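Peer 1: Please work out how this folds:
(chains A and B)
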2 protein chains.
Amino acid sequence: MNKFWSESIRGLAPYVPGEQSNAADLIKLNTNENPYPPSPQVLSALRQAAGVDLRLYPDPDSFELKHAIRDVYGAPVEQIFVGNGSDEVLAHAFLGLLKHPLPILLPDITYSFYPVYCALYDIQYAKVPLDRDMQIRVDDYRQPNGGIIFANPNAPTGIGIALAEIRRLLDFNTDSVVIVDEAYIDFGGESALALIAEYPNLLVIQTLSKSRSLAGLRVGFALGQPGLIAALEQVKGCFNSYPLDRLANIGAAVALRDREYFERTRTQVINTREWLRAELEKLGFDVLPSQANFLFARHPQRDAAQLHKELRARNIMVRYFAKPRIDQFLRITVGTDDECRALITALRQIES
Amino acid sequence: MNKFWSESIRGLAPYVPGEQSNAADLIKLNTNENPYPPSPQVLSALRQAAGVDLRLYPDPDSFELKHAIRDVYGAPVEQIFVGNGSDEVLAHAFLGLLKHPLPILLPDITYSFYPVYCALYDIQYAKVPLDRDMQIRVDDYRQPNGGIIFANPNAPTGIGIALAEIRRLLDFNTDSVVIVDEAYIDFGGESALALIAEYPNLLVIQTLSKSRSLAGLRVGFALGQPGLIAALEQVKGCFNSYPLDRLANIGAAVALRDREYFERTRTQVINTREWLRAELEKLGFDVLPSQANFLFARHPQRDAAQLHKELRARNIMVRYFAKPRIDQFLRITVGTDDECRALITALRQIES
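Peer 2: Next up is the predicted model:
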């Protein structure tokens, strides 16, 4: 820090993403990436698009991509916003829709980027504790607020919230925006997209990073009624006219349109998750019920930080958070069957 | 707009980018793209990178890309910041380095995104008029300020400012940040990179959109002393951990390393510019002296808005700004020799 920094950024503490590593032989179960590659159609389209047109700016309105989203989710284009990963979409949503006199509400345990956005844009927030079972209890949000945001399924717990509960929340909270971050929705949750037509204050955010195996391409999107989408477009237009490059636009559109590959790989992830969950329970772990592509698990007799370290020594990366309430948990991304078997084998070795 | 919008975004007026069009037979001289394709090495690297690793997040620190910049510009990695186009780099710089009690200074005629960032982040600014020859006069910036930003060469004038003048500005302005936006520097300007070691308040921003023919890939970067770069990293870390996707990281690194292609194509653009300038002058245009990949020209007897329209009717797009001081100018991107010949032919037809 030095005297040239703006006062407003001095106290900020950036979000810390999970470790990325290029080391070979590493089993990477720490950042909730999909263990399967992107659709072959996506790779083929990207190779074809890597041509002379890259000299030209991309379409600032991402026409093709928005039309792919429209066709897959049945929402008209004016209800669709796209961004450079769902993190950028979230950032714009915080600035454009959640900066109000009253504090916004978010769970005490959730995606830890939310409080970072609040600090960045000087938004007051109040943390609403998950209940004893680490679940979001909708009635706890029945209080004056400047907006509400949570992830469904929640992260890092993996626990989903029923659509009927979200509807109940929306019914008693009509005066501020409710944002549902559905980064992991395709692995078993109930999407709130079904409620958009009824609630003008509902914004749903999704990403292609997880269920479409495209974390490396950085594409996220939001759906909501046109009044909310226009706010995001307003912020985007004042920030970066072309947030999605030509390749990201094309790759994302093709990924969305390949529904067969999407169904096949997400089903595989769900199946492996259930197998892994059973195996972890056999080893004595408590595993939260997950609707995501990861499991959040603790072992009653084993220190999580220590387990994390011992797995790392065996070339297996999982995510550990040294934070209140969750510092005895490990967040384990669902990998391929082979990767998950290797994890179980390693845990057995550590135990013995 | 509706009641859910944050108060702070209600009055904003987004930047309006130049028109993008996919129409065939169009001669597109309106958004300062490079008429030559990206380096063949870039296209080949992108095709190779369009593989299974796209399921994984990109390197949040853009290690490979920063090392390419280091090797080409001789700056250590801690003096380098990269972003999703230079627009994102600019946005972070405004928020992180230009938000102070005193207003910042910028030319009255310059990149029209600057005032948009000011509005977005609630930064006060004062416009300093270009002189009668549309030049930046350094002495006009000798006044208390919260920061200074200008483009060199300036846009849309194309006029460059000498390095000695920038040094003089830095010498009398040591207490606030000076940002030089060098989007067009490779077409003949004198880069301020040479001054970074001496001035801890100097930030230089460049892009791969123009001289590296990669507008479609969205990569920009900034160089400055570590104290300034850390401010940009601070903002980035609170906004989006992975602003550059895997393909952008790789493509940009390869583009920077292919110096031979860069030299060849930028020289060609410069040569064509000088030819085009001479031809426009033969037709009676006043053409500002350009160090960029575009010309800013007016015709004493012809209305610019009308000319713009007549060219468009002939499938030639140039940029027209209906703004004070410049509403009789056209901004003409330097295209291929063929494109520029077609422009001259069309102007001759319009004249007769």
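
Peer 1: For the stretch 151-300 of chain A, which segments count as strands?
Peer 2: Ranges of strands within the stretch 151-300 of chain A are A:178-181, A:202-207, A:220-224, A:286-287, A:294-298, based on DSSP state E, counting those that start in this stretch.

Peer 1: Rounded mean pLDDT for the first one, please.
Peer 2: This means strand A:178-181. Per-region confidence: strand A:178-181 scores 98 on mean pLDDT.

Peer 1: what's the answer for the fourth one, then?
Peer 2: Mean pLDDT, computed over strand A:286-287, is 98.

Peer 1: any chance of the strands of the stretch 151-300 of chain A in JSON lines, plus distance to chain B and mean neighbour count?
Peer 2: Heads up, the C-betas are built off the backbone N, CA and C, glycines and all. As requested, the strands of the stretch 151-300 of chain A are exported to JSON lines (distance: least, C-beta to the nearest C-beta, whole Å; neighbours: other C-beta atoms under 10 Å in any protein chain shown):
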{"stretch": "strand A:178-181", "distance to chain B": "10", "mean neighbour count": "27"}
{"stretch": "strand A:202-207", "distance to chain B": "9", "mean neighbour count": "26"}
{"stretch": "strand A:220-224", "distance to chain B": "9", "mean neighbour count": "26"}
{"stretch": "strand A:286-287", "distance to chain B": "24", "mean neighbour count": "17"}
{"stretch": "strand A:294-298", "distance to chain B": "14", "mean neighbour count": "25"}
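
Peer 1: just the helices in chain A please.
Peer 2: A:40-49, A:63-73, A:85-97, A:114-120, A:163-172, A:226-237, A:246-257, A:259-282, A:304-313, A:337-351 (DSSP state H).

Peer 1: residues contacting the residue in the stretch 151-300 of chain A that chain B sits nearest to?
Peer 2: Proximity of the stretch 151-300 of chain A to chain B (C-beta to the nearest C-beta) peaks at A:Gly237, 2.6 Å away. Applying C-beta atoms under 8 Å, 6 or more residues apart in numbering or on different chains to A:Gly237 gives the contacts B:12, B:14-15.

Peer 1: again, 6 Å this time
Peer 2: Neighbouring residues of A:Gly237 by C-beta atoms under 6 Å, 6 or more residues apart in numbering or on different chains: B:Pro14.

Peer 1: Low-confidence ranges, the stretch 201-350 of chain A, go.
Peer 2: Scanning the stretch 201-350 of chain A for pLDDT under 70 picks out nothing.

Peer 1: Kindly report the residues of it close to chain B.
Peer 2: Neighbours of chain B within the stretch 201-350 of chain A, by C-beta under 6 Å from any C-beta of the partner chain: A:201, A:213-218, A:227, A:231, A:234-235, A:237-242, A:245-248.

Peer 1: do the stretch 1-150 of chain A as well
Peer 2: A:2, A:4-6, A:8-9, A:12, A:14, A:17, A:20, A:31, A:33-34, A:37-38, A:43, A:46-47, A:50, A:52, A:54-60, A:84, A:87-88, A:91, A:96-97, A:99, A:116, A:120.

Peer 1: What subset of these is buried?
Peer 2: A:4-6, A:8-9, A:14, A:20, A:31, A:33-34, A:37-38, A:43, A:46-47, A:50, A:54-60, A:84, A:87-88, A:91, A:96-97, A:99, A:116, A:120 (16 or more other C-beta atoms under 10 Å in any protein chain shown).

Peer 1: so what's the residue nearest the centre of chain A up against?
Peer 2: Centroid-nearest residue in chain A, with C-alpha atoms, centre = their mean: A:Ala183, separated by 3.2 Å. Under the criterion of C-beta under 6 Å, 6+ apart, the neighbours of A:Ala183 are A:86, A:207, A:210.

Peer 1: can we see that at 10 Å?
Peer 2: Remark: with contacts taken as C-beta atoms under 10 Å, 6 or more residues apart in numbering or on different chains, A:Ala183 is in contact with A:32, A:86-87, A:90, A:111, A:151-153, A:155, A:205-211, A:220, A:292-293.

Peer 1: confidence score at the residue of the stretch 1-150 of chain A found nearest chain B?
Peer 2: When scored by C-beta to the nearest C-beta, the stretch 1-150 of chain A has A:Pro14 as its residue closest to chain B, at 2.6 Å. Predicted confidence (pLDDT) for A:Pro14: 96.
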